[in-house]
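1. Predicted model, plus sequence, below.
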Amino acid sequence: MATHFERQLEELHVQIITMGSLCEKVISLSNRAIRGDDCVREIFDTDREIDTKEREIENHCMRILLHQQPVAKDLREVSAALKMISDMERIGDQAADIADLSKFIEVNHVEVPELIGSMAEMTVRMVTESIDAFVKKDLKLCRKVIDDDDQVDDAFNQVKEELAKLMYQNLDAKAGLDLLMTAKYMERIGDHAVNIAEWVEYALTGVHRNNEHQMGGSQA
């Protein structure tokens, strides 16, 4: 039979998965919004759900820390979760920023580069896999997410080059900048997915890549 602490960790995993699903949803919605779908309100509503879920998980983690007083690997897991949800909340904010831009993109009837859609798909996958890595304690998967960010960065650089050529030809400068910022927000979402994966890596190994947040060393 699971102990009270184990049940608390299981509940934490469920809440993290739920918040991750909301992040996946809001990224996909933002990609639809820039293509003219009427889903801006749904994006803002989902962003608020993400904010609410962040507060719920924060409270849950604090109860675990205060009442269970975990140590070593268990402490790292709860501490990493607190860091992860901060990045997940930022993903919601970035998607909301894209939703704001989508209004201007729609007005100007600008064709959205396919690569931006590819970036959205890649970042959704990265978020999904980083959360899976946390729940499954899969070090190999979280490192895959970190490596996959190179693809998002490459796509962003290609979008920049494509937009520069279009603006040199006949694309309105304001429209071009709106699209560039949309791609930049997608690139930042990828960065947040990497941050999540790095905190999963820390929870499993006790070492953070930036060497700034080590707690309990590499104890089991």
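-> Yep, it's here.

2. show me the contacts for residue 106.
-> residue 36 (C-beta atoms under 8 Å, 6 or more residues apart in numbering). The C-beta positions use only the backbone N, C-alpha and C, and glycine is treated the same way.

3. secondary structure element for it?
-> Residue 106 belongs to helix 72-107 when elements are defined using DSSP states H and E.

4. Okay, buried residues for that helix please.
-> Of all the residues in helix 72-107, those buried under the rule 16 or more other C-beta atoms under 10 Å are 73-85, 87-102, 104-106.

5. and what of stretch 123-142?
-> Buried residues in stretch 123-142, counting neighbours by 16+ other C-beta under 10 Å, are found at 123-134, 138, 141-142.

6. Verify the stated contact: residue 120 with residue 27.
-> Yes - if you go by C-beta atoms under 8 Å, residue 120 and residue 27 touch, sitting 5.7 Å apart.

7. And the two? Which one has more around it.
-> residue 27 (29 against 25; other C-beta atoms under 10 Å).

8. Contacts only, for the spatially closest residue to that one that is not a sequence neighbour.
-> Leaving out its chain neighbours, the residue that sits closest to residue 27 by C-beta to C-beta, 6 or more residues apart in numbering is residue 124, at 5.1 Å. By C-beta under 8 Å, 6+ apart, residue 124 lies in contact with 24, 27-28.

9. any chance you could map the strands in the protein?
-> Taking DSSP state E, the chain contains no strands at all.

10. Tell me where it has helices.
-> Along the chain, counting by DSSP state H, helices occupy 4-33, 40-67, 72-107, 114-136, 139-169, 173-205.

11. could you redo the ones you listed as CSV and give each row mean pLDDT?
-> Converted to CSV, the helices of the chain look like this (pLDDT from 0 to 100):
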stretch, mean pLDDT
helix 4-33, 94
helix 40-67, 96
helix 72-107, 94
helix 114-136, 95
helix 139-169, 94
helix 173-205, 94
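
12. Report the contact partners of the nearest residue to residue 9 once chain neighbours are set aside.
-> Distances taken as C-beta to C-beta, 6+ apart put residue 77 closest to residue 9, at 7.0 Å, once the chain neighbours are dropped. With contact taken as C-beta under 8 Å, 6+ apart, residue 77 is in contact with 9, 70, 203.

13. From these, list just the buried residues.
-> 9, 70, 203.

14. Identify, from these, the entry nearest to residue 168.
-> Comparing these against residue 168 with C-beta to C-beta places residue 203 closest, at 47.2 Å.

15. got a list of what the closest residue to that closest one other than its chain neighbours touches?
-> Nearest non-adjacent residue to residue 203, counting by C-beta to C-beta, 6+ apart: residue 80, 3.8 Å away. Contact analysis of residue 80 by C-beta under 8 Å, 6+ apart lists 134, 199-200, 202-203.

16. before we move on, the earlier item: what is the nearest of the contacts of residue 124 to residue 150?
-> Of all the contacts of residue 124, residue 150 sits closest to residue 27, with 18.7 Å by C-beta to C-beta.
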